[in-house]
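J.: Sequence unavailable; structure follows:
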């Protein structure tokens, strides 16, 4: 099944925003066994939209279009779809009911322009959007079945998974191969070093495809398999996954592609342990990650984002002497920070970071990219120093944060 | 001048990598006054490449192509370009000399496959690559002048700036348009309500294009303008921007598209004021945002991420009585949290959040999506309650965090 992806909107066309939707859609479609042959992007221009929809309609079997379904006057994808298909726009009662129900549930006033979002091309099928006001729709143009989705990534992803992929699977019918994609999440080796460790993969597992992908700050090892028989493919994937883990060792933190903060939560939960954090250079990012996990209040008690030395002393009880003698970025300081954080709230573990995220603040012996990580228990305190001399401020915060959580992971895994 | 951008390669086509090159190129071209009308992406497939190059050759004046110039056998863009133009590949001595010189300078052995990179379409002009082995080239296909560049972002960007843009400016001659894009960042109105407030824009400013984009949790108003005369366009954009601000009012937080945390930093800096934060439901996200801004240590002192009631009492000094009487998510509690945070580190302002990010934890009178925001100064404490009953846990954290910062912004702007 020949598939094309079309992103619409001036924001992407002019480069104001990077189009991440098309990559997400391409991955999902590939994993479902479809052949994506082209991505395109045009602006919110009626003639352009009509012409490219008709082009794709003459070339592809399946088309996925994102963007331009909003309530404002510059959102004209629906109008263009109708024109390309040679039909009129008509009020779709399914869409109208869904929009009205959403506004009611949100206790928000529905403005007249939202009603525009219920005007769909005649003959199209309304696709429910469970998380936003813009419903999508499915419409045949030429030989191609198009799925029109909103451009907001969160809404698009949800609709793609919930309403589009099941319909595509129905179109694909019984010829469908089973596809399994396995993601093994690692931290601490470079992309190149990871690749070298896995050098013999292709000869060991000729029926699988290996991908190594930097999903900063992790490196993900991806195994792609397809087969008619789900069972034997599952066995093969299991064997391959074990082979990869054997080669990479303890740098693997999840064989199910889970995020580091999820793994930390699971490990703490298994031990019925709690965590307190003291963050300097990571500035709240560790806490933010940890609290993104539902149920994290079970084990995450407190984080002190102590950006100033004064706050390190007042809140965490770091001694003035240590800060004066060693500076804020030092093994001794992060040990005291970690101890302070766990002590004041009585947590099982205390984890602390202090470093230099830049762009300013570096020196010859503590260059930008230096981070110290402290880890305290009721009976011990340990500290580590790393240097990550690459990336911008946000990237540094991310790699500092995952490095700190990785120290805790090694401790929890014994 | 009609311009198109083409990204090549299976990595982008399959979504393994996100195409950031096209956005970069689009921005550069827009700024130089060219009209970008379409982006496309195809894989490393000879027939596909030839066909899309000929398509673009029939539509555009300028084409920028990235990727597929490397030394390995899956890099076939050069071959496709020759085929599309109906010419042969020939050894280009300029290219060969450049590649040989590079390997010599890097003291690296030049493998035979690198010589392939010196085979360019007959009649093309070699474009020097100062930072990599793959030279680019310029070739006319159909009516369109194509610039072929490597896909490595660093190399592509350097060559675009150094060798492509000067050539494009020569082609443009005096016909060059100036292009201005203005972003006005707002929070608090829906996308639809924003659009309705700006209803008269098109008749008021017929020469400009208006875009309204949800960049969750903000709504951005974008003004796109182009003209021969930079001065008069600048004046027009200024007038249009003032018109938009007049219609949207205080929901505008930046007329330069800055992030909320940057605006907060500027406002605190102007007042030489400092900030302490107490976060419950936002879990560190406010601190993370604030500390993403370089120099934030000037005004951001401390954040207590007090996820448990116990931490709220122990760290921030919230009274047990208040928590027992009102619960953690309550105006009184966040007032005490905000007062506590500012008091213990002596900050000018204290800002606090407590709410229910879900998915669990909601009740009839405090449903998931409820957030209380407290703001304390040395002489006052105020609190607000909002409800944002949409989005997942992370989206709730984001809208809670920006809502809290927006409360502070209103205070700082008096």
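T.: In hand now; what should we look at? Remember, it's a predicted structure, so these values are computed and weren't measured experimentally.
J.: Using the three-state scheme, assign residue A:33.
T.: coil (DSSP: H, G, I helix; E, B strand; the rest coil).
J.: so what's the closest residue to residue A:355 other than its chain neighbours up against?
T.: Leaving aside its sequence neighbours, residue A:355 sits nearest to residue A:371 (CB to CB, 6 or more residues apart in numbering or on different chains; 3.1 Å). (Glycine included, C-beta is placed from N, CA and C.) Shown in contact with residue A:371 (CB atoms under 8 Å, 6 or more residues apart in numbering or on different chains): A:281, A:329, A:353-356, A:385-388, A:396, A:400, A:403-404.
J.: buried subset of the residues you listed?
T.: Buried residues within those, defined by neighbour count using 16 or more other CB atoms under 10 Å in any protein chain shown: A:281, A:329, A:353-356, A:386, A:388, A:396, A:400, A:403-404.
J.: Columns pLDDT on top of the residues you listed, output as CSV?
T.: Formatted as CSV, the buried ones among the contacts of residue A:371 follow (pLDDT from 0 to 100):
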residue, pLDDT
A:281, 96
A:329, 97
A:353, 98
A:354, 97
A:355, 97
A:356, 95
A:386, 96
A:388, 91
A:396, 95
A:400, 98
A:403, 98
A:404, 98
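J.: Kindly indicate which of those residues lies nearest chain B.
T.: Of all those, residue A:281 has the smallest distance to chain B: 8.3 Å, by CB to the nearest CB.
J.: Look up how far residue A:328 lies from the residue lying closest to the closest one once chain neighbours are set aside.
T.: Closest residue in space to residue A:281, ignoring its immediate chain neighbours: residue A:355 at 3.8 Å, by CB to CB, 6+ apart. In this view, residue A:355 and residue A:328 are 9 Å apart by CB to CB, to the nearest Å.
J.: how is chain A carved up into domains?
T.: A:2-175, A:178-254, A:260-412 (automatic domain parsing).
J.: A helix includes residue A:372, no?
T.: No: per three-state DSSP, residue A:372 lies outside any helix segment and is strand.
J.: While we're on it, how confident is the model there?
T.: The model reports residue A:372 with a pLDDT of 98.
J.: Who is it paired with across the strands?
T.: Using DSSP bridges, the bridge partners assigned to residue A:372 are residue A:354, residue A:385.
J.: In chain A, what helix or strand scores lowest on average pLDDT?
T.: strand A:209-215 (a mean of 78; mean pLDDT, DSSP states H and E).
J.: name the helices or strands packed onto that one?
T.: helix A:191-197, strand A:218-227 (3 or more CB pairs under 8 Å, 6 or more residues apart in numbering or on different chains; DSSP states H and E).
J.: The same query, at a cut-off of 10 Å, please.
T.: Strand A:209-215 sits against strand A:178-186, helix A:191-197, helix A:201-204, strand A:218-227, with contacts defined as 3 or more CB pairs under 10 Å, 6 or more residues apart in numbering or on different chains; DSSP states H and E.
J.: residues of it that come out buried?
T.: Result for strand A:209-215 [16+ other CB under 10 Å]: buried residues A:210, A:212.
J.: and what of stretch A:167-187?
T.: In stretch A:167-187, counting by 16+ other CB under 10 Å, buried: A:168, A:172, A:180-187.
J.: Verify the contact between the residue nearest to residue A:281 and residue A:368 for me.
T.: Yes: in this structure residue A:355 lies within contact range of residue A:368 using CB atoms under 10 Å: 9.0 Å.
J.: Are there residues contacting both of those two? Which ones?
T.: Both residue A:355 and residue A:368 are contacted by A:361, A:387-388, A:396, under the criterion CB atoms under 10 Å, 6 or more residues apart in numbering or on different chains.
J.: For the residue in the stretch 51-200 of chain A that chain B sits nearest to, which non-adjacent residue is closest in space?
T.: Nearest residue of the stretch 51-200 of chain A to chain B: residue A:72, at 3.4 Å (CB to the nearest CB). Nearest residue to residue A:72 in three dimensions, chain neighbours excluded: residue B:195, at 3.4 Å (CB to CB, 6+ apart).
J.: Show the model's pLDDT score for the one you found.
T.: So residue B:195 comes in at 91 (pLDDT).
J.: roughly how far apart are it and residue A:77?
T.: Distance from residue B:195 to residue A:77, by CB to CB: 15 Å.
J.: can you check residue A:183 too?
T.: 33 Å.
J.: Likewise for residue A:105?
T.: 25 Å.
J.: okay, the two: which has more neighbours?
T.: residue A:77 (26 against 10; other CB atoms under 10 Å in any protein chain shown).
J.: leaving aside the residues next to it on the chain, what's closest to that one?
T.: Closest to residue A:77 by CB to CB, 6+ apart is residue A:68, at 3.1 Å.
J.: In a helix, the one you found, correct?
T.: No: the assignment for residue A:68, made by three-state DSSP, is coil rather than a helix.
J.: pLDDT score assigned to residue A:137?
T.: For residue A:137, the model assigns a pLDDT of 97.
J.: Report the beta-bridge partner residues of it.
T.: Beta-bridge partners of residue A:137, as defined by DSSP bridges: residue A:126, residue A:148.
J.: Just confirm residue A:131 contacts residue B:391, I think it does.
T.: Yes: using CB under 10 Å, residue A:131 makes contact with residue B:391 at a distance of 6.9 Å.
J.: Touching both of these two, which residues are there?
T.: A:154-155.
J.: Tell me how many other residues crowd residue A:409.
T.: 18.
J.: okay but it is in contact with residue A:186, surely?
T.: No: with contact defined as CB under 10 Å, residue A:409 does not count as touching residue A:186 (11.8 Å).
J.: tell me, what's touching the two both at once?
T.: In contact with both residue A:409 and residue A:186: A:250, A:253-254, using CB under 10 Å, 6+ apart.
J.: Compare these and tell me which has the most neighbours.
T.: residue A:253 (24 neighbours).
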